[in-house]
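Undergrad: give me a 3D structure for the following:
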Amino acid sequence: MSGPQCCSHPPTLDPSSGAGHVVHLGGLSSYVVGSADSKLAVLIISDVFGYEAPNLRKVADKVAAAGFYVVVPDFMHGDPYVIDKPERPLPIWLKDHGTDTGFEEAKAVIEALKSEGVLQLGLQAIAGVARLQLNSASVSLSRLVCYYILQGSLWMISKRLRFLLQY
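TA: The predicted structure follows:
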């Protein structure tokens with residue numbers, strides 16, 4: 001989400017969209033697609049609309065078609081931003097979806113992937129990263145291949161993301 005214009009055309013959420021399925025991974029419901037046997041994974045972080053957005057799942061499906069195991073965790077815990085709720089505008093919604101737990105949640109998902117045999121990880125953030133601000137805590141992983149942010153963002157992935165480069 002790069003600004004107010006992104007909220008003018010919100011997605012119609014569809015929990016059955018995409019070629020993958022939802023599993024419980026690292027304590028979070030996560031949309032997964034691709035071969036679970038792959039040693040190469042991509043962790044995609046959604047914008048404020050969450051992991052049930054059909055276009056987000058299409059992106060995940062395309063990445064999986066290139067040979068990656070793709071995981072899109074529900075960092076919103078089943079509570080994505082809904083533009084049609086005037087009693088809960090974006091600034092109020094954001095207060096309920098801070099970055100305070102994002103690191104620990106991401107770490108748990110990454111550790112779960114690692115325990116399943118993933119050796120290399122790519123990180124892709126779809127615009128705003130409301131729930132995830134990684135801090136300087138270390139995670140012992142083998143290698144982070146890359147990270148990529150689609151669109152501009154109201155939130156920035158912390159510059160302290162560098163610790164993942166030790167993946």
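Undergrad: low pLDDT regions in this structure?
TA: Counting by pLDDT under 70, the low-confidence segments of the chain come to 1-7, 99, 126-167.
Undergrad: where exactly do the helices run in it?
TA: Secondary structure of the chain (DSSP state H): helices located at 54-65, 90-95, 102-115.
Undergrad: pull out the buried positions in the longest one.
TA: Yep, that's helix 102-115 we're talking about. For helix 102-115, a neighbour-count test (16 or more other CB atoms under 10 Å) marks G102, F103, E105, A106, K107, V109, I110, A112, L113, K114 as buried. The C-beta positions use only the backbone N, C-alpha and C, and glycine is treated the same way.
Undergrad: do the same with the second one
TA: Going by neighbour count (16+ other CB under 10 Å), the buried part of helix 90-95 is L90, W93, L94.
Undergrad: from the chain's centroid, how far away is it?
TA: On the basis of CA atoms, centre = their mean, to the nearest Å, helix 90-95 sits 19 Å off its chain's mean C-alpha point.
Undergrad: most distant residue from the middle of the protein?
TA: Taking CA atoms, centre = their mean, the residue of the chain most remote from its mean C-alpha position is E87, at 26.2 Å.
Undergrad: please tell me how far it sits from Y31.
TA: According to CB to CB, to the nearest Å, E87 and Y31 sit 28 Å apart.
Undergrad: give me the neighbour count for A65.
TA: Residues within reach of A65, counting by other CB atoms under 10 Å, total 12.
Undergrad: ugh, wrong one, I meant S30
TA: 24.
Undergrad: hey, what's the residue nearest the centre of the chain bridged with?
TA: Per CA atoms, centre = their mean, the C-alpha nearest to the average position across the chain is that of I45, at 1.6 Å. For I45, the beta-bridge partners are A125 (DSSP bridges).
Undergrad: E111 contacts G26, correct?
TA: Yes - the pair E111 / G26 is scored as a contact, 6.5 Å apart, by CB atoms under 8 Å.
Undergrad: mutual contacts of the two, please.
TA: Applying CB atoms under 8 Å, 6 or more residues apart in numbering, one finds that no residue jointly contacts E111 and G26.
Undergrad: returning to what we had before: in JSON lines, list the helices of the chain along with distance to D74.
TA: Converted to JSON lines, these look like this (distance: least, CB to CB, whole Å):
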{"stretch": "helix 54-65", "distance to D74": "11"}
{"stretch": "helix 90-95", "distance to D74": "15"}
{"stretch": "helix 102-115", "distance to D74": "10"}
